[in-house]
Structure formats: C-alpha cells, structure tokens
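**Q** sequence? don't have it. structure:
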Ligand SMILES: [Zn+2]
C-alpha cells in the first residue's frame, strides 16, 4: 500500500561542513535525507570550526545552498561568545542554541556552572536551548531552564532515569521537550561486541531496561520527537581503535520507527507526531507547501544492500531488513525522488 505522508523533519544532524567533508557534506547529507523521506533538517554547530559567531553562521548558510532539501541551524557556544547569542537568535536560519554539558570533541564542552548560568541568561527567551546533558547534568539543566524561564530540549535521551526526569519536569509544568535516536531505540550495549566501532556513539547504547523505557516514553509522549543525531564518519574512522563516536541515521530513521509501529510499540499516529508535527511545532519550522513523501508501507528493504547515500557509507543497521520504503519525495512541487531514484 502506497501512503502519502508529510515530508519528515529531523532536528538533529551533523553534516560535517565546513571542516570534515571527507565524512559528509551538505549535498551528500541531503541525499541521505531524501532517501529517508526527510525534507527539513537542523544542523548542529560542533564543526571543526564551530558555529559560534555570526561570521561562521553566514559561512555555513552559504555552504548549505547545495543541499537538495531545506536546512536550518542550531547555534553553538563556548561560553565566550555571549554577545553573539542575541544576534544569532534573531536570525531566521537559527532554530535553537546547542549546549554541550557532557563530553564532546572540540572546545564546546561547558561544565562550569556559572558559565552555564550566563549562557541561559544571554540567550533570548523564545527559541529552545538544546542540551547534551546526561544524568546529573540533565537534572541541573532542568533546574537552570526553570530558573531562567527558558524552553529546554533534551537531545538524544538514553537512560530510563532520564525519561523519568523529563516526565517529572513536564508534570511540574516546565516547557521541556525531549528527543530520542533510532539507534538507542533499536540497539543495546550488547551490539558493541558484534558491531565494534559501528555501535559506538555518544551517549552510548543502553540496557534492555533503558530501551523499554525509551519506547514507553515515546509512546506516551514524554519523549516528543525522534531525532537521528546523524553523525557520519568514514569507515576507516569507525574501524580504528578507538573508533570515532557517532553513527549515521537519516536513511534508516523512518523504517526503524515504523518497525516499532508494526511491533506494537507505538501507534502510527504517534510516529507521525514524533517525526513531523512536534518537531515542526517545537522548533517553529516553516510550512513547506506542496511537500510530501510517498512510502510503500508493505515493502521492506535490506540496509546497505544497494549502498548508501551518506558519504560515510555505513549504518549501525547494516544487513537489517526493515519495513517501509520511501519511493517518492516532493518538495514545494518539485520531485526530489521518484520510484526510489533521487533526482538531483
Ligand atoms: Zn549530536
């Protein structure tokens, strides 16, 4: 059965440009998005040269013009660019501020509590603050969002305890939303043995109990959105010791979640909320008129069988048979994919 659905939205991708175009660029990343039925995505700021100034933002916006789909950006901070934050927030291309409260690469990790306070104060209230915040850092971020009246989006929630923290914060009336990644829903820590570097990312894969809590949280709305955290690396980088952190996700996201629907873990209605309606609402993403995808809901495909669109050329789901094949993508009346073939 062919089904017409809205163009999907992914609010968390790393397209690696500028600085690491051997992993991905805006063109190849957008081809991966089209293959996965995504027509709007939000790119993260932690590039080799991070997006922490208006100058860097302008550079990135210009580079992104070669993408096949619409792209917006999250602005970054190293704690020293406070005067740039209001300017960035005023820009239509910027949809949020990303703060790294836990281990990350580069200069963007911020653990100093006073510095975090200053950032929450400097960002104009309105567009969300996104945090990579695990465990205790998450509790502190929730308290800080409350103190400064900010909207908080918790990225790639992973642990059962974090689902509970978000549930309680929501019950307490805080304007908080959360995202979950397909790889945390579909894999657990045991995959590390089997898949080596291809199962390595931050935050790491959890336990069976974590996984069950994530599906339950997604089903009951505690977790609002599915976000891929598409973080491509070359095969060499994934196979070296230690492997680079991060996995691809744009091409497989829909099918992984749809598999969950088929297995009764959530409804199709919730799936569309989490992959379209709520990302659009939370990040105030503009309407894309005459935009839709068509999915063969009965067909299945084997991940990697016909290669990949992502330059990373790999997936943590390689070899898996997944349901739901995106056959057509139309953006503002223009066909980007027909009969499964990308038109560029
Ligand atoms: Zn990320």
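**A** That came through fine. These numbers come from a predicted model, not from an experiment. Numbers count the residues shown, from 1 in each chain.

**Q** Check residue 276 and give its pLDDT.
**A** Note on residue 276: pLDDT of 98.

**Q** How much space separates it from residue 85?
**A** Note on residue 276: its distance to residue 85, by Cβ to Cβ, to the nearest Å, is 29 Å. Quick note: C-beta positions are derived from backbone N, CA and C, even for glycine.

**Q** ok, those two, which is more surrounded?
**A** residue 276 (23 against 20; other Cβ atoms under 10 Å).

**Q** Excluding residues flanking it in the chain, which one is nearest residue 216?
**A** residue 163 (7.5 Å; Cβ to Cβ, 6 or more residues apart in numbering).

**Q** do the same with residue 223
**A** Nearest non-adjacent residue to residue 223 (Cβ to Cβ, 6+ apart): residue 217, at 4.2 Å.

**Q** With residue 252 instead?
**A** residue 317 (5.1 Å).

**Q** What number of neighbouring residues does that neighbour come out with?
**A** When counting by other Cβ under 10 Å, one arrives at 25 neighbours for residue 317.

**Q** swap in residue 344?
**A** 11.

**Q** My read is that it contacts residue 31, right?
**A** Yes. The pair residue 344 and residue 31 passes the contact test of Cβ atoms under 8 Å, sitting 7.1 Å apart.

**Q** So for these two, which residues contact both of them?
**A** Contact criterion Cβ atoms under 8 Å, 6 or more residues apart in numbering; residues shared by residue 344 and residue 31: residue 68.

**Q** now the helices: where do they sit in the protein?
**A** With DSSP state H, the ranges of helices along the chain come out as 26-35, 54-63, 84-89, 113-122, 136-148, 160-171, 182-186, 191-195, 208-220, 235-239, 253-262, 268-272, 278-282.

**Q** The fifth one to helix 113-122, inter-axis angle?
**A** For helix 136-148 against helix 113-122, the angle by axes from the mean of the first three to the mean of the last three Cα atoms, to 10 degrees is 40 degrees.

**Q** Output the contacting helices and strands for helix 136-148.
**A** helix 113-122, strand 129-132, strand 152-154, helix 160-171 (3 or more Cβ pairs under 8 Å, 6 or more residues apart in numbering; DSSP states H and E).

**Q** Show me the one of the ones you listed that comes nearest residue 226.
**A** Nearest to residue 226, of all these, is strand 152-154, at 13.1 Å by Cβ to Cβ.

**Q** tell me the contacts of residue 276?
**A** Applying Cβ under 8 Å, 6+ apart, the residues near residue 276 are 5-9.

**Q** If we use 10 Å, what do you get?
**A** By Cβ atoms under 10 Å, 6 or more residues apart in numbering, residue 276 lies in contact with 5-9, 37-40, 225-226, 285, 293.

**Q** Identify the residue nearest it in space, chain neighbours excluded?
**A** residue 6 (4.7 Å).

**Q** ok, now how distant is the one you found from residue 178?
**A** 21 Å.

**Q** Would you mind telling me which of the two has the busier surroundings?
**A** Neighbours were counted for residue 6 and for residue 178 using other Cβ under 10 Å; residue 178 has more, 26 against 17.

**Q** Please tell me the pLDDT value assigned to the more buried one.
**A** Confidence for residue 178, expressed as pLDDT, is 98.

**Q** where's the nearest residue to it once chain neighbours are set aside relative to residue 170, distance?
**A** Spatially, and ignoring its direct neighbours in sequence, residue 178 is nearest to residue 154 (4.3 Å; Cβ to Cβ, 6+ apart). Per Cβ to Cβ, residue 154 is found 11 Å from residue 170.

**Q** Any figure for the gap between the residue nearest to residue 328 when sequence neighbours are not counted and residue 24?
**A** Distance criterion Cβ to Cβ, 6+ apart; nearest residue to residue 328, sequence neighbours excluded, is residue 294 at 3.8 Å. Separation of residue 294 from residue 24 (Cβ to Cβ): 26 Å.
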